[in-house]
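Participant: the sequence and its predicted three-dimensional model are supplied below.
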Amino acid sequence: MTAERVLGLVNLRVGNLLSIQNAFAKIGLSCRDIQQPAELNGVAAVILPGVGAFHAAMENLNARGFVEPLRALAKARRVPILGICLGMQLLADESEEHGLHQGLGLVPGRVIRLVEQEIAGKVPNVGWCDTAIRKASRFFPDSTGHRSFYYVHSYHFEPTDKDVVVATARLGSKGVVAAVELDTVSGIQFHPEKSQDDGIDLLASWAQKSALVT
């Protein structure tokens, strides 16, 4: 693919942003390191990555003035927004991590902690998980099938409207939301940049469906 448009990668000052930049470079897209809200002007899409705690990330976004600009972009539907891992959880209305904290409110729902007895494993959930496609989306051209992606998380997103769920992962007896899509806002709980070919294929599909590449 040939690079055509620049993505804005919101720098939360945590996590390995270089790995995300490298993943998009493999499909011919470059990422601009976004340090200030004004730098969002002119980007073709916004990537909201993240690792760590929900409340700390939201404090970071609020302190640096990102919250309202991100909400305005989503409302206007001018550019696609993609949340990755913690970035997906930040799309929610609120999270119960370390108390109750308000999120961006771009995809209605709540972030809650994984329960070891339900997932039949340790928390955090770390490693490769089989992920079932529930409906066609920007991520998945087909409405059925399975992919394997790499996860690292202790909390998971429960959307208010189940129609936004496009993929799930089965952890023990618990079905965990793996990907969501609402208008131009999308989120994935796993790390595509760590998920080898399936991760790159997903980013390529998202970019094509978002009209970022031809």
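Facilitator: Cool, the structure landed.
Participant: contacts only, for Ala92.
Facilitator: Shown in contact with Ala92 (Cβ atoms under 8 Å, 6 or more residues apart in numbering): Gly103, Leu104, Gly105, Val107, Pro108, Gly109, Arg110, Val111, Phe157, Pro159. C-betas here are computed from N, CA, C, even on glycine.
Participant: go with 6 Å
Facilitator: The neighbours of Ala92, taking Cβ atoms under 6 Å, 6 or more residues apart in numbering as the test, are Gly103, Gly109, Arg110, Val111, Phe157.
Participant: same deal with Val6?
Facilitator: If you count contacts by Cβ under 6 Å, 6+ apart, then Val6 has Ser30, Arg32, Val43 around it.
Participant: look up how far Val79 lies from it.
Facilitator: Computed as Cβ to Cβ, to the nearest Å, the Val6 to Val79 distance reads 11 Å.
Participant: likewise for Glu158?
Facilitator: When distance is defined by Cβ to Cβ, Glu158 is 26 Å away from Val79.
Participant: comparing the two, which shows the higher neighbour count?
Facilitator: Val79 (19 against 14; other Cβ atoms under 10 Å).
Participant: so which helix or strand takes in that one?
Facilitator: Val79 belongs to no helix or strand when elements are defined using DSSP states H and E.
Participant: next, give phi and psi for it.
Facilitator: phi -130, psi 150 (degrees, to the nearest 10).
Participant: now swap in Ala204 and tell me
Facilitator: Backbone phi and psi, for Ala204 under degrees, to the nearest 10, turn out to be phi -60, psi -40.
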